[in-house]
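Peer 1: pasting the sequence and the predicted model now:
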There are 2 protein chains.
Amino acid sequence: MRWARIDHAGTPSYAIVEGETLIPVRGSPFATWERTATTLKLAETKLLVPVVPPTFYACGMNYAEHVRAVAAKIGQPPNLPTRPEIGYRANNALIAQGETIVIPADATDKVQYEGELVAVIGKTCKHLTRDNALEAVLGYTIGNDVSERTWQRSDRTMYRSKNTDTFKPMGPWIETAVDLDALRTRVRLNGKQIIEFHTNEMVFGVVDFLVEMTRYITLHPGDVVWMGTEGECADMKHGDLCEVEITGIGTLSNPVARATA
Amino acid sequence: MRWARIDHAGTPSYAIVEGETLIPVRGSPFATWERTATTLKLAETKLLVPVVPPTFYACGMNYAEHVRAVAAKIGQPPNLPTRPEIGYRANNALIAQGETIVIPADATDKVQYEGELVAVIGKTCKHLTRDNALEAVLGYTIGNDVSERTWQRSDRTMYRSKNTDTFKPMGPWIETAVDLDALRTRVRLNGKQIIEFHTNEMVFGVVDFLVEMTRYITLHPGDVVWMGTEGECADMKHGDLCEVEITGIGTLSNPVARATA
């Protein structure tokens, strides 16, 4: 089942995606819901960020080739994480399918995509086990962890390198029927595929993170966990279109513009 | 004016604090509101966290003596920040006035308070200037940035050292009439004052942070910015009561317990 969050006559509403049709519901997939009698055309409906998370979690350094590529760039030996330690991103930076990634006027040219699988938490949970961790996941969406590499290196925190407004595209929707091992992530820039990787070949997987996090942390409905990216990333510039496809989920597409002041 | 958020017959509601009386309102201080005809006794009402922030911002290393104390402990030269770079904390960890800070069973004895001023954002804003930055602040509350120092040193991220459930007491309410330069912060453990400092003698002040953050970030109503702490911090243990007072705002009190498993 596919859950979109839409602008329905000025009000955010959840809707079931069936092919090219949307069926708005009363309620939400995080609680109870029922179909309305309305149908809308997907192509004519404004999609919103599929959820505004109570807490926005993100892994860094969770794919081996990406860790090696980053290490090579800064001239240091690769340092693979030995434990699933989660980090954070910020809601101000979220944008939806089709919205524009705006590069600030004072950013360098090193603004890069990172195509990521996003686990969307469906219920309140703590002390998850390896056996029940995936039951806490409502479904999966796609994230683009846009990063300004110069600031990422120079700053003490990631407030502007990764959390500048518009730097966190997420969508287009939440897919609940996902076979993690079958997924492949593909990133295209202006229609040209730059990278393709097995989405689930992570240093630590979704279960590893959820079990470790919930030793200390209560997860809540709508929390999101961005799972990191693989390989080297390329620069994006004004006028580009960046697409992150994860097979079985969909494609997150965002144009790129540079602010003039 | 003092704004509390209360459990009003099972529903969260904002209320004006007048002495020992609470007057619930319809609406919220972040939008429009009007007084109801109800009055409640402050002492008999359950206070909630005064706001659940869309994004939870926090400064680290924002008082000179604290930076020096931390540096001395780890045997490194003090490294005062040269720019106001903001970090993040997580909503899962928030607890209200009077609720218990629970130390996980596997934590070390190095679990410490950090008494902090918290700026509560009142409106949507970007590109604030030094002249108008404080107009974006609805008021101020108090935070206790509880920290497990062993994990803070050993882990790559602060997911458990600072964001374990219950590690972020915030309250008791939001005070809108604040003279920043007059404030003094006092931390008491079991009634004994451990430290007192001039709240506003920060490395970078509220205006510095808001101006720098909003070069890149849109702030939203209810966002909170925790401003850091001064001096050395002491360990808290099972059975302790930790109080953070900021003159002119109030006192945030939380008991401490250690989980047994």
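Peer 2: Received it, and whenever you're ready, just let me know what you need.

Peer 1: in the stretch 51-200 of chain A, which spans are strands?
Peer 2: A:56-58, A:87-88, A:94-95, A:101-103, A:111-112, A:115-121, A:137-144, A:147-148, A:168-175, A:184-189, A:192-198 (DSSP state E, counting those that start in this stretch).

Peer 1: need those strands in TSV (columns: distance to residue B:39 and mean neighbour count).
Peer 2: Heads up, the C-betas are built off the backbone N, CA and C, glycines and all. Listed next are the strands of the stretch 51-200 of chain A as TSV, based on distance: least, C-beta to C-beta, whole Å; neighbours: other C-beta atoms under 10 Å in any protein chain shown:
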stretch	distance to residue B:39	mean neighbour count
strand A:56-58	39	27
strand A:87-88	40	20
strand A:94-95	40	23
strand A:101-103	49	22
strand A:111-112	55	22
strand A:115-121	40	26
strand A:137-144	42	26
strand A:147-148	52	23
strand A:168-175	44	27
strand A:184-189	58	19
strand A:192-198	62	15
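
Peer 1: out of these, the one nearest chain B is which?
Peer 2: strand A:87-88 (4.5 Å; C-beta to the nearest C-beta).

Peer 1: quick one: is that closest one near chain B?
Peer 2: Yes - counting by C-beta under 8 Å from any C-beta of the partner chain, contacts between strand A:87-88 and chain B involve A:87-88.

Peer 1: name every strand pairing with that strand and say which way it goes.
Peer 2: If you go by DSSP bridges, strand A:87-88 pairs up with strand A:56-58 (antiparallel).

Peer 1: which other residues reach the strand it pairs with?
Peer 2: Identification of contacts with strand A:56-58 by C-beta atoms under 8 Å, 6 or more residues apart in numbering or on different chains yields A:86-91, A:94, A:116, A:145, A:168, A:213, A:223-226, A:228, B:90.

Peer 1: could you do stretch A:121-135 as well?
Peer 2: The contact list for stretch A:121-135 (C-beta under 8 Å, 6+ apart) reads A:29-30, A:136-139, A:206-207, A:210-211, A:214-215, A:217-225, B:165.

Peer 1: name the residues of that stretch that are buried.
Peer 2: Applying a neighbour-count criterion of 16 or more other C-beta atoms under 10 Å in any protein chain shown, the buried positions in stretch A:121-135 are A:121-122, A:125, A:128, A:133.

Peer 1: list just the nearest of the residues you listed to residue B:1.
Peer 2: Nearest to residue B:1 among the buried residues of stretch A:121-135 is residue A:121, at 36.7 Å by C-beta to C-beta.

Peer 1: re earlier: dump the strands of the stretch 51-200 of chain A to CSV, plus distance to residue B:111.
Peer 2: Formatted as CSV, those follow (distance: least, C-beta to C-beta, whole Å):
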stretch, distance to residue B:111
strand A:56-58, 23
strand A:87-88, 21
strand A:94-95, 33
strand A:101-103, 41
strand A:111-112, 38
strand A:115-121, 27
strand A:137-144, 31
strand A:147-148, 33
strand A:168-175, 32
strand A:184-189, 40
strand A:192-198, 40
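
Peer 1: export those strands to CSV and tack on mean pLDDT?
Peer 2: Formatted as CSV, the strands of the stretch 51-200 of chain A follow (pLDDT from 0 to 100):
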stretch, mean pLDDT
strand A:56-58, 98
strand A:87-88, 98
strand A:94-95, 98
strand A:101-103, 98
strand A:111-112, 98
strand A:115-121, 98
strand A:137-144, 98
strand A:147-148, 97
strand A:168-175, 98
strand A:184-189, 98
strand A:192-198, 96
